[in-house]
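Novice: Model the following, please.
(chains A and B)
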2 protein chains.
Amino acid sequence: MSFIDLKYKPNKNDLVCLFRVEPKKGVSIKKAAEAVAGESSIGTWTHVKTMKPRIKKLGAKIFEIKGNYIKVAYPLDLFEPANMPQILSSIAGNIFGMKAVDNLRLEDIDWPVNIIRSFKGPLYGIKGIRKILKIPKRPLCGTIIKPKLGLNEKEHAKVAYEAWTGGIDIVKDDENLSNLRFNKFEKRVVETLKMRDKAERETGEKKVYMPNVTAETNEMLSRAQFVKEQNGRYAMVDIITVGWSALQTLRDVNDHLKLVLHAHRSGHATFTRNKKHGISMVVVGDISRLIGLDQLHIGTIIGKMEGIKSEILTTEEEIEKSIIREHSHSLAEDWLHIKPIFAVCSGGLHPGHAHYLIKNLGNNIIIQAGGGIHGHRSGTKAGAKAMRQAIDATLNNISLKEYSKSHKELKVALQQWL
Amino acid sequence: MSFIDLKYKPNKNDLVCLFRVEPKKGVSIKKAAEAVAGESSIGTWTHVKTMKPRIKKLGAKIFEIKGNYIKVAYPLDLFEPANMPQILSSIAGNIFGMKAVDNLRLEDIDWPVNIIRSFKGPLYGIKGIRKILKIPKRPLCGTIIKPKLGLNEKEHAKVAYEAWTGGIDIVKDDENLSNLRFNKFEKRVVETLKMRDKAERETGEKKVYMPNVTAETNEMLSRAQFVKEQNGRYAMVDIITVGWSALQTLRDVNDHLKLVLHAHRSGHATFTRNKKHGISMVVVGDISRLIGLDQLHIGTIIGKMEGIKSEILTTEEEIEKSIIREHSHSLAEDWLHIKPIFAVCSGGLHPGHAHYLIKNLGNNIIIQAGGGIHGHRSGTKAGAKAMRQAIDATLNNISLKEYSKSHKELKVALQQWL
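Specialist: Numbers count the residues shown, from 1 in each chain, chains lettered A, B, ... in the order given. Presented below is the predicted three-dimensional model:
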């Protein structure tokens, strides 16, 4: 049977995928597309005697082929609502290993209404987070405690305090800090939240601590529960290494924990970096939004991590807008009840980057800097001040250089890193 | 600080990684290696004022650089035992996205004793599975019910019955068959196990059904529980799309469920296929063995899926042997108490492949064919007979062609597909 139907018009019950296909040498784009659509729906490599006429209706339909890009519509019945691993095992599974393609990339997904309705989406989203922090408009600023690992619980809490009192909103554990010999999870949470309360009293601002709950599912849930009991408001999790099943579980439990969930994407670049093969960051954003993370790292354009500007902008649009329009390499989406995710820029940033990030990505971003705060020549508190100054300058349309004339912490930061 | 120490000799408390590093143009291999070792241990892109002398001991040590391959030893304290997501967020996390490297691949991991001891490993392993099936030596043969999706519960059970009575040992759901509108999980399990019992009575052989429990963690556990209550002995799970946290949870619960756990790797090729970037299949085997899956798809060499012979052989050795010797692109390992995983070959196989697979991969493999059984011109039962005949011929050192002269099902299969 053929899976190509160029006259087909997808409807709101179809799941639509945009793939970039690079056929094996000697294989036509049509034949490679057929292999992809078959393997991800009801086909196999040979005709099977157990096929029945009624089942052919479940076949995927390739309804557009443009150069290396194909659009495939999948009937809703192929998927189990609210089961992200099952959905991905279909459309992001075996197909990447097929000999028929040399390279294959899942660029974007347009979700059918019934699948969107089966997921919870973020509990807070951008508006909810802004309400908690009482910051209606400006970009948020965050820091990762550095060095990545090695500080004990009290040292960790003290560095956090310095950052908060310098003007930072959010303090985050690093992606590999969990419950370690020299820094135990529970003690760290207790000590750091104590410092958060102190910083809130002293600054009159709302302050956030995001403890890293990454672990086996039940251990992760019990750590999140502990954070709640200690009056924490946030938890962070490494979404790629934890995996989609446990993330759905965390989101389910969060109906009563009511934490803001921060998604670190450690490991994503194993499959998102190659622009010819794997899964795009836009799709990671899609999945995270459906499942219901409130904040997600999307890249920095500048900084220490790779990331193409156009893909980062598309990812931001995908997670922050309610209605997405189709672009050349991405699909439309109507997110219905699903709230937006707050985009996080993190990785090799310092105060000198703030202007560029805000101008390119807007005010709805969280600018996170680790080395760019704790590496400030005068220490963490000065680094934190410099970052807030850089954000203030940008919001007031004053150049960083001009603003640094009257703000010494920013001046030092620019001298150090620009 | 520098992370290079070419005189360092790793000890049994170190976690050792073998990476293939392709530096960014203009960056030396040493500098790229430093960036990798720093980001995956305690470093960041700039000197931080919060660093303390005692913390430097936690730094990773690059102790070998050979061409593009580097070996890095990590102190045990960087890791949380029994927390696979945390371990991977360190050594298989941010580093893949760093601008300092154009490509980076984690080729193999040599685990420290204390981390091996913190995981359970497979409950059954190869010996345990052979005991259940009462098959002491020959390769096992399995089939995936086809078409992938579309049959209802009774049709599914009937096809399974045909396969079992034809001589197949193991019947498996496909990776995207979970609880679907036209084929409900519980009803499918009940109907198919009923047919399993019938097939066992009629053939006098042990027969296995592997229902796909892939879902959100708690739903997955409750499906596994249901399988157990219905007197099932096996469950299968899509390890990549489910994720490591939930797999650890499934393995924990399996201490009392006592199911044999079959691992489908749907989606692995998003990060294992590119031999320059991502994570090798050998590492997926490593992780699966530590967590405790009993069976794992490793590739076919031949068939419809890509897979380099050397990598498939290394993966098989990694998951099946107790003591692994170092090869040019893989590390040594002593698996201690961790049992071996049974290797599964699956993807575009038919009876004509049996000889090649057994000669190259030995008797400790499970040969799975979907289309190669149900696509047999005379139907599923004949296809199953042909596969058993092909295995019997190989074990008796008779060529398939010779054996097919007196075995008509094999003859037809060879005519169809060779």
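
Novice: and the residue lying closest to residue A:206 once chain neighbours are set aside, how many neighbours?
Specialist: Closest residue to residue A:206 apart from its sequence neighbours, by CB to CB, 6 or more residues apart in numbering or on different chains: residue A:133 at 4.7 Å. No exception for glycine: its C-beta is placed from N, CA and C like everyone else's. Residues within reach of residue A:133, counting by other CB atoms under 10 Å in any protein chain shown, total 18.

Novice: My read is that residue A:133 contacts residue A:208, right?
Specialist: Yes - counting by CB atoms under 8 Å, residue A:208 is a contact partner of residue A:133 at 6.8 Å.

Novice: buried ones in stretch A:322-334?
Specialist: Residues of stretch A:322-334 classed as buried: A:324, A:329, A:330, A:331, A:333 (neighbour count, 16 or more other CB atoms under 10 Å in any protein chain shown).

Novice: Which neighbours do residue A:133 and residue A:208 have in common?
Specialist: residue A:169 (CB atoms under 8 Å, 6 or more residues apart in numbering or on different chains).

Novice: For stretch A:127-139, list every residue counted as buried.
Specialist: Within stretch A:127-139, the residues that count as buried by 16+ other CB under 10 Å are A:128, A:129, A:130, A:133, A:135, A:138, A:139.

Novice: So which of these are in helices?
Specialist: A:128, A:129, A:130, A:133 (DSSP state H).

Novice: contacts for the helix or strand containing residue A:35?
Specialist: Here residue A:35, judged by DSSP states H and E, is contained in helix A:29-39. The contact list for helix A:29-39 (CB under 8 Å, 6+ apart) reads A:2-4, A:19, A:21-24, A:43-44, A:59-62, A:65, A:68, A:70, A:72, A:94-95, A:98, A:100-101, A:104.

Novice: relative to helix A:29-39, how tilted is whatever helix or strand comes next after it?
Specialist: The helix or strand immediately downstream of helix A:29-39 is strand A:61-66, counting by DSSP H and E. Relative orientation of strand A:61-66 versus helix A:29-39 (axes from the mean of the first three to the mean of the last three CA atoms, to 10 degrees): 150 degrees.

Novice: From the rest of the structure, what touches strand A:61-66?
Specialist: A:3-10, A:29-30, A:33-34, A:37, A:70-73.

Novice: Work out the gap between it and the centre of the chain.
Specialist: 29 Å (CA atoms, centre = their mean, to the nearest Å).

Novice: And whichever helix or strand comes after that strand, what does it pack against?
Specialist: Per DSSP H and E, the first helix or strand lying C-terminal to strand A:61-66 is strand A:69-75. Packing partners of strand A:69-75 (3 or more CB pairs under 8 Å, 6 or more residues apart in numbering or on different chains; DSSP states H and E): strand A:14-23, helix A:29-39, strand A:61-66.

Novice: Any chance you could list what contacts strand A:69-75?
Specialist: With CB under 8 Å, 6+ apart as the test, strand A:69-75 has contacts from A:3, A:8, A:10, A:13-21, A:29, A:33, A:36-37, A:40-41, A:57-64, A:90-91, A:107, A:329, A:331.

Novice: Need the buried ones from those selected in PyMOL.
Specialist: Here is the PyMOL command that selects only those of those that count as buried (16+ other CB under 10 Å):
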select buried, chain A and resi 3+10+14+15+16+17+18+19+20+21+29+33+36+37+40+41+58+59+60+61+62+63+64+90+91+107+329+331
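
Novice: List the backbone torsions phi and psi for residue A:25.
Specialist: Main-chain torsions, residue A:25, degrees, to the nearest 10: phi -50, psi 130.

Novice: before we move on, the earlier item: from the buried residues of stretch A:127-139, which is closest to residue A:179?
Specialist: Nearest to residue A:179 among these: residue A:129, at 26.3 Å, using CB to CB.

Novice: from memory that closest one sits against residue A:295, does it?
Specialist: Yes - contact criterion CB under 8 Å: residue A:129 and residue A:295 qualify, at 7.2 Å.

Novice: Leaving out the residues flanking it, which one is nearest to whichever residue of the stretch 101-250 of chain A sits closest to chain B?
Specialist: The nearest approach of the stretch 101-250 of chain A to chain B comes at residue A:243, 0.8 Å away (CB to the nearest CB). Among residues not flanking residue A:243 along the chain, residue B:243 sits closest, at 0.8 Å (CB to CB, 6+ apart).

Novice: Report how many residues lie close to that neighbour.
Specialist: 26.

Novice: Point to the residue nearest the middle of chain A.
Specialist: Centroid check for chain A by CA atoms, centre = their mean gives residue A:296 as the closest residue, at 3.1 Å.

Novice: pretty sure that residue is touching residue A:282, no?
Specialist: No - under the criterion of CB under 8 Å, residue A:296 makes no contact with residue A:282, lying 11.5 Å away.

Novice: ranges for the strands of the stretch 201-350 of chain A?
Specialist: Applying DSSP state E, counting those that start in this stretch to the stretch 201-350 of chain A gives strands spanning A:208-210, A:234-238, A:260-264, A:278-279, A:295-297, A:323-324, A:333-334, A:342-346.

Novice: gap between the two ends of stretch A:362-381?
Specialist: Chord length of stretch A:362-381, first to last residue, is 26 Å (CA to CA, to the nearest Å).

Novice: How about stretch A:341-357?
Specialist: From start residue to end residue, stretch A:341-357 stretches across 17 Å - CA to CA.

Novice: Quick one: mean pLDDT over that stretch.
Specialist: For stretch A:341-357, mean pLDDT rounds to 97.

Novice: Poorly predicted segments of the stretch 101-250 of chain A, please.
Specialist: Within the stretch 101-250 of chain A, the set of residues satisfying pLDDT under 70 is empty.

Novice: residues in it within reach of chain B, list them.
Specialist: Counting by CB under 8 Å from any CB of the partner chain, the residues of the stretch 101-250 of chain A lying close to chain B are A:145-151, A:155, A:159, A:175-176, A:178-182, A:214-220, A:238, A:241-249.

Novice: Only whichever of the residues you listed are buried, select them in ChimeraX.
Specialist: Buried residues among those (16+ other CB under 10 Å), as a ChimeraX selection:
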select /A:145,146,147,148,149,150,151,155,159,175,176,178,179,180,214,215,216,217,218,219,220,238,241,242,243,244,245,246,247,248,249
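
Novice: Restricted to helices, list the residues of the stretch 101-250 of chain A next to chain B.
Specialist: Per DSSP H, these map to helices at A:155, A:159, A:217-220, A:241-242, A:244-249.

Novice: Closest to residue A:78 out of those residues?
Specialist: residue A:244 (17.6 Å).

Novice: isn't that closest one right next to residue A:84, touching?
Specialist: Yes - the criterion here is CB under 8 Å, and residue A:244 meets it with residue A:84 at 4.4 Å.

Novice: got the residues of the stretch 301-418 of chain A near chain B?
Specialist: So the stretch 301-418 of chain A meets chain B at A:304-307, A:347-348, A:350, A:370-372, A:374-377, A:379-380, A:417 (CB under 8 Å from any CB).

Novice: quick one: residue A:277 from chain B, how far?
Specialist: Distance of residue A:277 to chain B, given as CB to the nearest CB, to the nearest Å: 6 Å.

Novice: residues near that residue, how many?
Specialist: Residue A:277: 23 neighbours (other CB under 10 Å).

Novice: before we move on, what about residue A:26?
Specialist: Neighbours of residue A:26 (other CB under 10 Å): 6.

Novice: Wait, a helix at it?
Specialist: No - Residue A:26: not assigned to a helix; according to DSSP: H, G, I helix; E, B strand; the rest coil it is coil.
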